[in-house]
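Undergrad: build me a structure from this.
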Amino acid sequence: MQKMASLLEQLSSMTVVVADTGDLEAIRDFQPRDATTNPSLILAAAQIPAYQDLIDQSLKSSRERIGSLASSDEVVSEAIDEVCVIFGKEILKIIPGRVSTEVDARLSFDKDETIDKARKIINLYKQSGISKERILIKIASTWEGVKAAEILEKEGIHCNLTLLFGFSQAIACAEAGVTLISPFVGRILDWYKSETGKESYSGNEDPGVISVSKIYNYYKTHNYKTEVMGASFRNVDEILELAGCDLLTISPKFLKELENNNSSLTRKLDPLDLSGSSDKIHLNEVDFKIMLKADRMASEKLQEGIVNFSKAIEQLEIQLKERLCSIESDTEAVLSAR
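TA: Numbers count the residues shown, from 1 in each chain. The predicted structure follows:
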């Protein structure tokens with residue numbers, strides 16, 4: 001009797017499975033098509049001893065680029081982008097598809113700075129011979145972020161709008177013609193559990209699942225090309241309830257659970273079987289901000305996400321500065337000994 005395919009294999013037949021990690025070994029293990037990173041994941045990966053050479057390479061490259069007279073703070077500021085791109089380059093050696101690289105979250109409310117940073121990241125990849133077709137620029141789903149993405153998309157730079165919690169954000173992203181959005185399923189659930197005191201939700205009652213399903217059906221009903229990639233899962237049930245979504249980005253822990261389970265999987269989202277979608281909505285900046293503010297969950301989680309990703313960048317900067325000082329002290333000691 002033939003063995004039933006794993007849940008991961010079945011899911012991969014209807015949804016593009018993306019690895020949500022900066023851990024290169026985990027990506028090698030699961031061989032996803034695409035991979036996503038964010039400041040928190042890069043920070044975690046940067047603390048793995050096996051990747052120290054990548055960090056050192058970034059710091060040395062940044063020092064060479066901006067010169068010996070630059071301060072350590074200037075070198076680290078330059079190296080942040082270099083670190084993210086070096087990890088992205090290593091990931092692209094493993095996967096056949098795209099990697100998402102995130103713009104500094106501290107720029108989330110600055111359209112022009114976001115555009116400049118995105119162009120810089122794409123140029124760093126280009127210098128290594130990597131086409132922009134293999135890169136998704138991750139940008140927070142603020143109004144300014146959406147408008148930055150709209151301009152970048154017209155330049156052929158594909159964007160992944162992240163920290164997306166509310167329907168207003170999803171509408172704005174679709175109207176801007178962004179390539180992909182990442183609604184955060186688990187963080188929506190976190191908010192509702194905290195607000196209601198309810199400890200658990202069944203899969204189809206999960207507020208994050210309901211939110212992503214609504215966005216998916218709305219996009220497909222109105223023929224938007226923007227893809228939906230569910231993210232930030234808290235349990236496998238959330239993943240199974242979104243089977244059929246365009247993409248799902250999944251942590252190694254849950255990829256392993258799916259790989260080790262041979263139950264039968266039912267498709268839950270299907271462009272040929274849509275339900276519960278609303279009429280088409282158009283939003284200007286005022287409408288967007290009113291609608292977002294009225295959704296307390298979305299506005300609170302967006303702000304919290306920006307703050308947390310900004311903190312992760314700041315922690316990474318501290319770690320890089322300490323490492324730079326160590327590298328350059330060692331170099332000076334060697335030169336003095338000659």
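Undergrad: I'd say M291 and N284 touch.
TA: No: at 10.7 Å, M291 does not count as touching N284 under the criterion of C-beta atoms under 8 Å. (Glycine included, C-beta is placed from N, CA and C.)
Undergrad: where do the helices sit along the chain?
TA: 7-12, 24-30, 39-46, 52-66, 72-92, 111-127, 143-154, 167-176, 185-196, 207-221, 236-241, 252-259, 285-294, 296-337 (DSSP state H).
Undergrad: what is the burial count for the residue nearest to Q57 when sequence neighbours are not counted?
TA: Nearest non-adjacent residue to Q57, counting by C-beta to C-beta, 6 or more residues apart in numbering: I86, 6.2 Å away. The tally of other residues near I86 (other C-beta atoms under 10 Å) stands at 21.
Undergrad: save the helices of the chain as TSV, and put in distance to R98 too.
TA: Converted to TSV, the helices of the chain look like this (distance: least, C-beta to C-beta, whole Å):
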stretch	distance to R98
helix 7-12	16
helix 24-30	13
helix 39-46	16
helix 52-66	20
helix 72-92	8
helix 111-127	11
helix 143-154	14
helix 167-176	17
helix 185-196	21
helix 207-221	19
helix 236-241	20
helix 252-259	18
helix 285-294	27
helix 296-337	20
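Undergrad: of these, which shows the lowest average pLDDT?
TA: Note on the helices of the chain: lowest mean pLDDT is at helix 39-46, with a mean of 82.
Undergrad: can you list the buried residues in that one?
TA: Using 16 or more other C-beta atoms under 10 Å as the test for burial, helix 39-46 gives P39, S40, L41, I42, L43, A45, A46.
Undergrad: quick revisit: M291 and N284 - which one has more neighbours?
TA: When M291 and N284 are compared for neighbours, M291 comes out ahead with 19 against 11, by other C-beta under 10 Å.
Undergrad: I'd say A5 and S263 touch.
TA: No: judged on C-beta under 8 Å, A5 makes no contact with S263 at a distance of 10.2 Å.
Undergrad: how about the contacts made by D295?
TA: D295 is in contact with F165, G166, F167, S168, counting by C-beta atoms under 8 Å, 6 or more residues apart in numbering.
Undergrad: what's the neighbour count on the third one?
TA: Applying other C-beta under 10 Å, we find 19 other residues in the vicinity of F167.
Undergrad: again, but for the first one
TA: Look at F165: counted by other C-beta under 10 Å, it has 27 neighbours.
Undergrad: give me the neighbour count for the nearest residue to it once chain neighbours are set aside.
TA: With C-beta to C-beta, 6+ apart as the criterion, F165 has its nearest non-adjacent residue at 4.0 Å, and that residue is A298. When neighbours are counted by other C-beta under 10 Å, A298 registers 25.
Undergrad: ok, now which ones touch A298?
TA: Contact partners of A298, counting by C-beta under 8 Å, 6+ apart, are F165, G166, F167, S168, Q169, L292.
Undergrad: ok, 7 Å please
TA: Listed by C-beta atoms under 7 Å, 6 or more residues apart in numbering, the contact set of A298 reads F165, G166, Q169, L292.
Undergrad: more neighbours: which of A5 and S263?
TA: Between A5 and S263, counted using other C-beta under 10 Å, the more crowded position is A5 (14 against 11).
Undergrad: related to what we said a few turns ago, D273: which of the helices of the chain is closest?
TA: Among the helices of the chain, helix 207-221 comes nearest to D273, with 9.4 Å by C-beta to C-beta.
Undergrad: that closest one vs helix 296-337, what angle?
TA: Calculated by axes from the mean of the first three to the mean of the last three C-alpha atoms, to 10 degrees, helix 207-221 forms an angle of 100 degrees with helix 296-337.
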